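*Asks:* Next comes the sequence, and after it the predicted model I'd like to discuss.
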Amino acid sequence: MPRPKNKTELLEESQKQYNNLLSYISQLSEEEKTKPFPEGMLNRNIRDVLAHLDVWHKMMLTWFETGKKGIKPDIPAKGFTWKTLPELNRLIQKNNEGLTYDEVFISFGLSYQEIRKLIISLSEEELFEKNTYAWTGTTTLGAYLISATSSHYVWALKIIKKALRETKNQP
């Protein structure tokens, strides 16, 4: 499906890509779920990828809540810019490395439900009309939510498949 252009498409595509990701992971052995990724990859395993998604869900929810109060949120996070995303993503990985796969998996599922509730609670106009929220500038809230959900799940699935393919090819 092309990039969602309305609330229905956003809900459907985010659910579809979330299900694709979880379906793929569910077919993996316990060893594959926890196996280290090849050297040089930021995310060291599937837990790290899911933790990354979970933190981005939570950041998105915080941006919305902060922006709703009329305060400009720190986007992407306090002390970071879009140009320093690699540093932020390394910090996310470091901050979550002590968690178990199961802890991250559960948290990711819960934050996904929160994002979904947010989308459901908003009108078509709130999601897809430009200049609805001062903090989103000329970007729609829907575009932020697409990036935090369906697009991010597609990225995650590609990273996981690539890492597992590369580890199978290692001696």
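*Replies:* Yes, it's here. Numbering: from 1, shown residues only.
*Asks:* Could you say whether the spatially closest residue to Tyr153 that is not a sequence neighbour sits in a helix, a strand or coil?
*Replies:* In space, and not counting its chain neighbours, Tyr153 is closest to Gln17: 3.8 Å by CB to CB, 6 or more residues apart in numbering. Every C-beta, even on glycine, is put in place using the N, C-alpha and C of the backbone. Under DSSP: H, G, I helix; E, B strand; the rest coil, Gln17 falls in the helix class.
*Asks:* Tell me who's in contact with Gln17.
*Replies:* Thr149, Ser150, Ser151, Tyr153, Val154, Leu157 (CB atoms under 8 Å, 6 or more residues apart in numbering).
*Asks:* Dump the C-alpha coordinates for stretch 101-116 into CSV.
*Replies:* Output in CSV follows, covering the C-alpha atoms of stretch 101-116 (Å, rounded to 0.1, in the frame of the first residue of the first chain):
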residue,chain,number,x,y,z
TYR,A,101,13.8,-9.8,25.1
ASP,A,102,10.5,-10.6,26.9
GLU,A,103,10.5,-7.2,28.8
VAL,A,104,11.1,-5.3,25.5
PHE,A,105,8.5,-7.4,23.6
ILE,A,106,5.8,-6.7,26.1
SER,A,107,6.7,-2.9,26.4
PHE,A,108,6.7,-2.6,22.6
GLY,A,109,3.2,-4.2,22.4
LEU,A,110,1.9,-1.9,25.1
SER,A,111,3.3,1.2,23.4
TYR,A,112,1.9,0.1,20.1
GLN,A,113,-1.6,-0.1,21.7
GLU,A,114,-1.1,3.5,23.1
ILE,A,115,-0.1,4.8,19.6
ARG,A,116,-3.1,3.0,18.1
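*Asks:* Report the next helix or strand after whichever strand or helix holds Leu22 in sequence order.
*Replies:* If you go by DSSP states H and E, Leu22 is part of helix 7-26. Next along the chain after helix 7-26, taking DSSP H and E as the criterion, comes helix 30-34.
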